[in-house]
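>>> Generate coordinates for the sequence data below:
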Amino acid sequence: MSKLELIATSTFGLEAVVAREVKDLGYGDVSVENGRVTFSADESAICRANLWLRTADRVRLKVGEFEAVTFDQLFENTKGLPWGDLLPEDAAFPVDGKSVQSTLFSISDCQAIVKKAIVESMKKRYRTDWFKEDGPLYRVEVSMLKDVATLSIDTSGPGLHKRGYRSGGSEAPLKETLAAGLIQIARWQPDIALIDPLCGSGTIPIEAALIGLNIAPGMNRTFVSEQWPTIPRECWREARKETHDRAAYDRELDITGTDIDSRSIKIARENAAAADIEDRVHFQVRPLSGLSSRKKYGKVICNPPYGERISSRKEAEQLYKEMGSLFKELDTWSFYIISPHENFEALFGKKASKRRKLYHGNIMVQYYQYFGPRPPRR
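Numbers count the residues shown, from 1 in each chain. Just a heads-up that it's a prediction; the model follows:
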């Protein structure tokens with residue numbers, strides 16, 4: 001493999017954050033669409049993107065894209081793609097599918113046709129009529145969007161939110177990729193104090209520590225493409241070496257996570273230990289009313305309970321009012337809060353400086369951003 005097109009998939013609302021991460025890794029020809037960021041790179045980017053992207057859901061290798069309004073078009077165009085250059089003879093290549101606003105709406109039929117076309121293409125390359133599929137996994141996806149078929153191969157395996165540190169969670173855990181997105185949208189920097197006063201199982205403080213120490217989120221996990229013979233093992237060795245070389249383990253951080261639920265704090269501490277940053281984040285059992293800091297400037301980033309998920313709507317509304325009252329005490333701080341409640345600002349008692357639509361699972365939320373005064377220049 002030489003020049004490749006890769007797709008970093010993303011939850012809606014985080015595409016621009018993913019694109020910024022891709023550019024920071026040094027890759028160009030970046031194209032942003034709903035739910036995905038496409039970029040050009042070499043094979044080493046499969047390794048580096050999987051290891052370093054904090055807010056992407058997964059990294060896919062784009063094989064081809066074309067218009068298809070008939071099954072014949074889908075078959076012939078798929079068959080004409082260079083599958084033999086990408087898949088070894090023993091590759092296992094199951095086909096997943098999805099279809100949105102397309103003439104070819106039957107996902108199962110699209111999957112079957114793509115599978116058959118890949119087999120026909122590989123028959124010519126390997127001069128055989130039978131493939132055992134007992135080798136490395138190359139999971140193919142056919143994505144139909146407005147009659148355009150995109151064929152790609154998953155390079156990640158389990159989603160990139162699975163960092164490997166979370167053994168348990170609160171009743172409504174925040175996805176690691178979304179937590180990292182909240183922190184990056186807030187433009188938090190390692191020299192700024194950060195508090196999550198409703199931290200649950202600790203995802204926001206832990207992700208902040210990983211960002212602050214420049215620890216690659218995929219450092220302690222494996223990826224399906226590590227088993228691909230088409231990517232030299234040296235690529236993975238170099239990419240993993242880079243994660244260790246770039247980590248700033250000695251950097252000082254001021255990150256605190258508190259929650260009234262002692263069980264959640266116990267889980268948060270266990271998760272921090274699994275991420276090897278337990279001494280860089282301070283977790284404490286404390287009610288929201290105990291929110292305080294000696295620091296004059298800082299950021300509060302939190303995911304308060306939703307009425308739809310873990311408490312009644314009335315309880316959630318009361319919590320938002322309490323937050324608005326308590327947060328006033330930190331009048332030089334900035335606050336970043338996600339909520340699906342359509343009247344959050346009225347309940348909180350203040351209109352947000354800025355807000356952004358995101359998705360927490362299948363729930364549409366707003367990310368309310370309240371900007372405090374700028375700290376004086378040092």
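>>> Now Val285: phi and psi?
phi -80, psi 120 (degrees, to the nearest 10).
>>> Same question for Thr9.
As for Thr9, its main-chain torsions (degrees, to the nearest 10) stand at phi -80, psi 160.
>>> just checking, it touches Leu53?
No. With contact defined as CB atoms under 8 Å, Thr9 does not reach Leu53; the gap is 10.1 Å. C-betas here are computed from N, CA, C, even on glycine.
>>> quick one: Leu160 from Ala16, how far?
Separation of Leu160 from Ala16 (CB to CB, to the nearest Å) stands at 17 Å.
>>> The two: which has the busier surroundings?
Shown here are Leu160 and Ala16; by other CB atoms under 10 Å, Leu160 has more neighbours (29 against 16).
>>> if I pick the more buried one, what's in contact with it?
Going by CB atoms under 8 Å, 6 or more residues apart in numbering, Leu160 touches Asn50, Leu53, Ala56, Asp57, Arg58, Val59, Thr177, Pro217, Gly218.
>>> So which of those residues is surrounded by the most neighbours?
Highest neighbour count within these: Ala56, with 32 neighbours (other CB under 10 Å).
>>> Okay, strands next: where are they in the stretch 51-200 of the chain?
Ranges of strands in the stretch 51-200 of the chain, per DSSP state E, counting those that start in this stretch, are 58-67, 95-100, 140-145, 148-154, 193-196.
>>> Nearest to Thr256, out of the ones you listed?
Smallest distance to Thr256 across those (CB to CB): 4.8 Å, for strand 193-196.
>>> I'd like the mean pLDDT over whichever helix or strand comes after the closest one, please.
Along the chain past strand 193-196, the next helix or strand (assigned with DSSP states H and E) turns out to be helix 203-212. The average pLDDT for helix 203-212 rounds to 98.
>>> Ok, stretch 241-253 next?
Averaging pLDDT residue by residue across stretch 241-253 gives 96.
>>> With stretch 360-378 instead?
90.
>>> wait, isn't Ala275 in contact with Ser201?
No. If you go by CB under 8 Å, Ala275 and Ser201 don't touch, sitting 11.8 Å apart.
>>> which residues are common contacts for Thr9 and Leu53?
In contact with both Thr9 and Leu53: Val59, using CB under 8 Å, 6+ apart.
>>> can you give me how far whichever strand or helix holds Ala239 is from the chain middle?
If you go by DSSP H and E, Ala239 is part of helix 233-246. Relative to the centre of its chain, helix 233-246 is centred 21 Å away, using CA atoms, centre = their mean, to the nearest Å.
>>> what's the next secondary structure element after that helix?
That would be, after helix 233-246 and using DSSP H and E, strand 255-259.
>>> neighbouring strands for that next one, and are they parallel or not?
Partner strands and pairing direction for strand 255-259 (DSSP bridges) are strand 193-196 (parallel), strand 282-285 (parallel).
>>> Can you lay out these as JSON lines showing distance to Pro136?
Below are these laid out as JSON lines (distance: least, CB to CB, whole Å):
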{"stretch": "strand 193-196", "distance to Pro136": "40"}
{"stretch": "strand 282-285", "distance to Pro136": "40"}
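>>> Quick check: which of those is buried the most?
strand 193-196 (a mean of 26; mean count of other CB atoms under 10 Å).
>>> Name the surrounding residues that touch it.
183, 188, 202, 204-205, 208, 254-258, 291, 293, 295, 297-303.
>>> quick one: which of Ala275 and Ser201 has more around it?
Using other CB under 10 Å, the more surrounded residue of Ala275 and Ser201 is Ser201, with 28 against 24.
>>> Surely that one is in contact with Arg269?
No. At 9.7 Å, Ser201 does not count as touching Arg269 under the criterion of CB under 8 Å.
>>> Can you give me the distance of the nearest residue to Glu5 once chain neighbours are set aside to Cys47?
Of all residues not flanking Glu5 in the chain, Lys62 sits nearest, at 4.1 Å (CB to CB, 6 or more residues apart in numbering). Distance, Lys62 to Cys47, by CB to CB: 17 Å.
>>> Looking at these two, which has the bigger crowd around it?
Taking neighbours as other CB under 10 Å, Lys62 and Cys47 compare with Cys47 leading, 26 against 17.
>>> The more buried one looks like it's in a helix, true?
Yes. Secondary structure of Cys47 (DSSP: H, G, I helix; E, B strand; the rest coil): part of a helix.
>>> Relative to Asp85, how far out is the residue nearest to it when sequence neighbours are not counted?
Nearest non-adjacent residue to Cys47, counting by CB to CB, 6+ apart: Ala239, 3.6 Å away. With the distance defined as CB to CB, Ala239 ends up 22 Å from Asp85.
>>> higher neighbour count, those two?
Ala239 (20 against 10).
>>> Confirm for me that the more buried one is in contact with Ala49.
No. Using CB under 8 Å as the test, Ala239 is too far from Ala49 to be in contact (9.3 Å).
>>> how about the strands in the stretch 251-378 of the chain?
So, for the stretch 251-378 of the chain - with DSSP E, counting those that start in this stretch - the strands run 255-259, 282-285, 298-302, 334-339, 354-360, 363-370.
>>> closest one to Ser31 among those?
Minimum separation from Ser31 across the strands of the stretch 251-378 of the chain (CB to CB) falls at strand 354-360, 21.0 Å.
>>> Now do the closest one and strand 363-370, the angle between them.
Relative orientation of strand 354-360 versus strand 363-370 (axes from the mean of the first three to the mean of the last three CA atoms, to 10 degrees): 150 degrees.
>>> All set now, cheers.
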